[in-house]
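> task: produce atomic coordinates for the following.
(2 chains)
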Amino acid sequence: MTVVSSRRAFLQGAAASLVVPLVMPAAARAATPAGVAENAFLRLDADGAVTCILPTCEMGQGTHTGQAMILAEELGADWRSIRVEMPKRPSDPYRLPFGQMRSVGSYGIRFFHDPMRQAAARMRTMLVEAAAERLGADPAELEARDGAVTRRGDGRSLSFGDLAAAASALPVPAEAALRPESERTLTGTNVPRLDTPAKARGEAVYGIDVAVPDMVYGAVRLAPVFGAEVERIDPASVEAMPGVLKVVEVPRGAVVVADSWWRAKRAADALDIAFTRTAHDALDQEALEALIAEGLDREDVPNTLTRGDAVAALAGSDRVIEADYAAPMLAHACLEPINCTASSTDEGTELWTGTQGHDWIRMNLESELGIPADKLTINTAFLGGGFGRKTWHHEAVQAILASRALGGRPVKVIWSREDDMGFGFYRQIMKARFRGAVDAEGRITAMSVRVAGPQMGAFMVRENNMDPFSLLGLVDAPYAIPNYAVDHAVTPVPIPLSPWRAIATSFTGYWMESFIDELADAAGMDPVAFRLANLPPESRAHVVLTRAAEMANWSSPAPDGVHRGASVVGSYGSFVAQVAEIEMENGRVRVPKVYAAIDCGRAIHPGQVETQVQGGVIDALGPTLRAKITLEQGAAVQSNFTDYELVRMDEAPEVEVAIVETGAPLGGVGEPGVPPLAGAVCNAVFAATGRRIRSLPLADHGLA
Amino acid sequence: MTSFKLNGARVETAADPEKPLLWVLREDFALTGTKFGCGVGSCGACTVHLDGDPVRACSLPLSAVDGAEVTTIEGLAAAAADPVLAAWTELDVPQCGYCQCGQVMSAAALIRDVPDPQDADIDDYMSGNLCRCGTYNRIRAATKRAAELNRT
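Reported below is the predicted structural model:
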């Protein structure tokens, strides 16, 4: 990241706000409209308000509060003066290592922590210098805390607001000293979330709640079969319905615009529209499974990971454990359905939406609609869930086309739950064949994993067919396996796919932790003891698994009727171990309790770490028990929460979380709670029933 | 015209009597605290009180509230020191928060009906409110805390 050196700080508007830009192209030195800060994480106004300009959307993971804590602490701001905004367009300081402003990868805290501390430290240094001049003091006598610069000794103090104008006339330091650990008194505590009061009171504005003057509403009618387009459309079939303003053709269907969403929806449902045929109109789940299963036996598949010689080692083993695993498609099912509000003409395009994919939207509007980046403004609302689903651009395109058809009038496009669930962009369907062997001491001697299915991350593959979206959790498994091979028989599917929370580890975590359990059983060893014996001692996985086992009292027998399963998975720079306790009730699995131990480096907000891990467990439990997306006649079968069943209060386990700090660097928190759950539950099912569950959900096996 | 009491005030609207109450509230009265999640009464994000009882506004036509009393999250929030909101804030319950207004409305009815709710009561009253972020552990604790605040 470029750091500004010996340049004048950026004077903003007439009110002399202090902004410490991180990148300063020449064009940005001209005044920008008040209230629009570019290329900075912080803006200090003359009235003392400190605005954190944050690169990550707020979709429940608490990142707005966490990032604001990092900035406020390093700056020395009065927490009550903190405001939060997001930039109106993506630019470099807000981008992740792969070049996009994108709220993914559990990056929000771990990636932005250091750059944010630096930015805040530079602003603090300038404020202290300005105060030093005003007070005729040595900067070393001054400290910045609680929104003011104060001289130790006589306690003379100047508020940040008073200093903003003077500080903004100073050169921005190239680098600034960070606070010592002893001064980091905000991070590591459970600061009340900034957004809690608004969210509890119904005042928080989500994309679906946005209201702009003269706004009208769009409902969609989209082809149920993936890849189908509009064959013919008869707008006249609904144009006379009450409130209907326009029927607009869009990719894969149409938007019907009316003066209320209900009227738009009724018209969209009544619209006379036909869709083109596709090559997979008859594709059903059985055929889809067979398509992918072929890959398990395929020859000539490139080696992705080769350590030692798994083939030879397995061939030379007395007993090879072999098991085929599977995982189905999943919907994200964010509780707030897909929506976008747009006002667009050739002069400019303004969006209001809850999005994770700012640069993705920018890039696709440019390529699909010819909208240049400097004519696009994105107002980011709260997201009623994201989970990877709100990284796309389709709804933005729909809203823009609808708005343009109405001369730029703002149109809010809302998808129904059925539209949302049927559109695709699912967690991918995958299969795997595991083969492994253990020695007489219970050490894993060899393992091979053949993954079969689509290569969702094909655009990222550099060499050896290594797709992080398919193979993480396998290629980087924490176990000491001297002879290990992983490969991927790629089979494209005619269904649009999307990263789902924890992506590959959402299924590889389940597979690996179930197969490890199979090896433990073959070795005649306790599942936790087996894992600990095969994890490098003092590894983070070893530490968190030991902790989770302690929490669950693993070394003592489980109470009557309670059965336990364990797992440990590393993902996004963190390690999480879980022990699930299950009970069988009329032959069905109940999960009353889950213990989880997480090492995510330093916990910036321990309460949020806890609640994210609890949420990750419950998120994973729905698909473990019951939820899946299947295909019939080229389209999704499931359409609403009535047939895509998620966990409710009466099935929710109590989730006890321990944060274990091993001194590791910051790791992600949003996703790592997901991967271990399914394996832990299925391992408990094995303990309870002797049945090894190699595909999800449990309902498919009559167990939920 | 449909006339009813909304958050304590007499109102009337010329909206279509078949229009779901959810959309009447959100569009005709600009009360967006009540959320759209599924449209079929399955997720509970649209929970409001009709004559004091929790109902799913997405599945209720406007005509059903004629002459009745409707309370939304905005009405609850306007009341001074509501114990459910106090507990929700104290325990930092919401993550994405989209379900939470519905959760609060259901919890408010629960603690009024059952002054000392047990887990089974909470399961009963709250299982119609889906939380996609899985905040059930905190919802349960906050419901008990709200009941405690309400009793004092």
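> okay, and the spatially most central residue of chain B sits in which element?
When C-alpha atoms, centre = their mean is applied to chain B, the residue found nearest the centroid is residue B:105 (2.7 Å). Using DSSP states H and E, residue B:105 sits in helix B:100-113.
> residues touching residue A:687, list them.
For residue A:687, the contacting residues are A:563-565, by C-beta atoms under 8 Å, 6 or more residues apart in numbering or on different chains. No exception for glycine: its C-beta is placed from N, CA and C like everyone else's.
> one more pass at 10 Å, please.
A:517, A:521, A:527, A:558, A:562-566, A:580, A:582 (C-beta atoms under 10 Å, 6 or more residues apart in numbering or on different chains).
> where does the chain dip in pLDDT?
Let's take chain A. Applying pLDDT under 70 to chain A picks out residues A:1-16, A:23-38.
> looking at chain B here, not the other one
For chain B (pLDDT under 70), the answer is none.
> now with 90, please.
Counting by pLDDT under 90, the low-confidence segments of chain B come to B:79-81, B:152.
> how about the helices in it?
Counting by DSSP state H, one finds helices in chain B at the ranges B:21-23, B:73-78, B:83-90, B:100-113, B:119-126, B:136-151.
> longest single helix anywhere in chain A?
Max-length helix for chain A by DSSP H is helix A:108-135.
> could I get the buried residue list for that one?
Within helix A:108-135, the residues scored as buried using 16 or more other C-beta atoms under 10 Å in any protein chain shown are A:108-113, A:115-132, A:135.
> of all of chain B, which residue lies closest to chain A?
residue B:33 (2.2 Å; C-beta to the nearest C-beta).
> and that residue, how many neighbours?
Each residue near residue B:33 was counted by other C-beta atoms under 10 Å in any protein chain shown, and the total is 26.
> cool, and the one 5 residues further on?
Using other C-beta under 10 Å, residue B:38 is surrounded by 26 other residues.
> apart from its neighbours in sequence, what residue is nearest the residue of the stretch 301-450 of chain A at minimum distance from chain B?
Relative to chain B, the nearest point of the stretch 301-450 of chain A is residue A:384 (3.0 Å; C-beta to the nearest C-beta). Of all residues not flanking residue A:384 in the chain, residue A:336 sits nearest, at 2.4 Å (C-beta to C-beta, 6 or more residues apart in numbering or on different chains).
> ok, residue A:95 next?
In this structure, residue A:95 finds its nearest non-sequential neighbour in residue A:101, 5.0 Å apart by C-beta to C-beta, 6+ apart.
> for that neighbour, helix, strand, or coil?
At residue A:101 the chain is in coil, as set by DSSP: H, G, I helix; E, B strand; the rest coil.
> so who does it touch?
If you count contacts by C-beta under 10 Å, 6+ apart, then residue A:101 has A:55-57, A:86-87, A:89-95, A:355-362, A:378 around it.
> the same query, at a cut-off of 8 Å, please.
Contact partners of residue A:101, counting by C-beta under 8 Å, 6+ apart, are A:55, A:87, A:90-91, A:94-95, A:358-359.
> quick one: which of those sit in helices?
Going by DSSP H, the helices hold A:358-359 from the contacts of residue A:101.
> is it possible to get CSV of the contacts of residue A:101 that adds distance to residue B:59 and neighbour count?
As requested, the contacts of residue A:101 are arranged in CSV below (distance: C-beta to C-beta, whole Å; neighbours: other C-beta atoms under 10 Å in any protein chain shown):
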residue, distance to residue B:59, neighbour count
A:55, 40, 25
A:87, 40, 22
A:90, 40, 23
A:91, 45, 19
A:94, 41, 25
A:95, 44, 17
A:358, 36, 28
A:359, 39, 20
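> tell me which of the contacts of residue A:101 is nearest to residue A:185?
Residue A:185 has its nearest neighbour among the contacts of residue A:101 in residue A:55, at 24.7 Å by C-beta to C-beta.
> residue A:93 is in contact with that closest one, correct?
Yes. The criterion here is C-beta atoms under 8 Å, and residue A:55 meets it with residue A:93 at 7.2 Å.
> shared neighbours of the two, anything?
Joint contacts of residue A:55 and residue A:93 (C-beta under 8 Å, 6+ apart) are residue A:41.
> for the closest residue to residue A:348 other than its chain neighbours, give its distance to residue A:102.
Leaving out its chain neighbours, the residue that sits closest to residue A:348 by C-beta to C-beta, 6+ apart is residue A:375, at 4.8 Å. Per C-beta to C-beta, to the nearest Å, residue A:375 is found 21 Å from residue A:102.
> what is the burial count for residue A:494?
Neighbours of residue A:494 (other C-beta under 10 Å): 17.
> let me fix that, I meant to ask about residue B:1.
A count of neighbours around residue B:1, defined by other C-beta under 10 Å, yields 8.
> which residues touch it?
Neighbouring residues of residue B:1 by C-beta under 8 Å, 6+ apart: B:12-14.
> what do you get if the cut-off is 6 Å, keeping everything else the same?
Taking C-beta atoms under 6 Å, 6 or more residues apart in numbering or on different chains, we find residue B:1 in contact with B:12, B:14.
> how about the helices of chain B in CSV, adding distance to residue A:41?
Listed next are those as CSV, based on distance: least, C-beta to C-beta, whole Å:
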stretch, distance to residue A:41
helix B:21-23, 39
helix B:73-78, 32
helix B:83-90, 27
helix B:100-113, 29
helix B:119-126, 39
helix B:136-151, 30
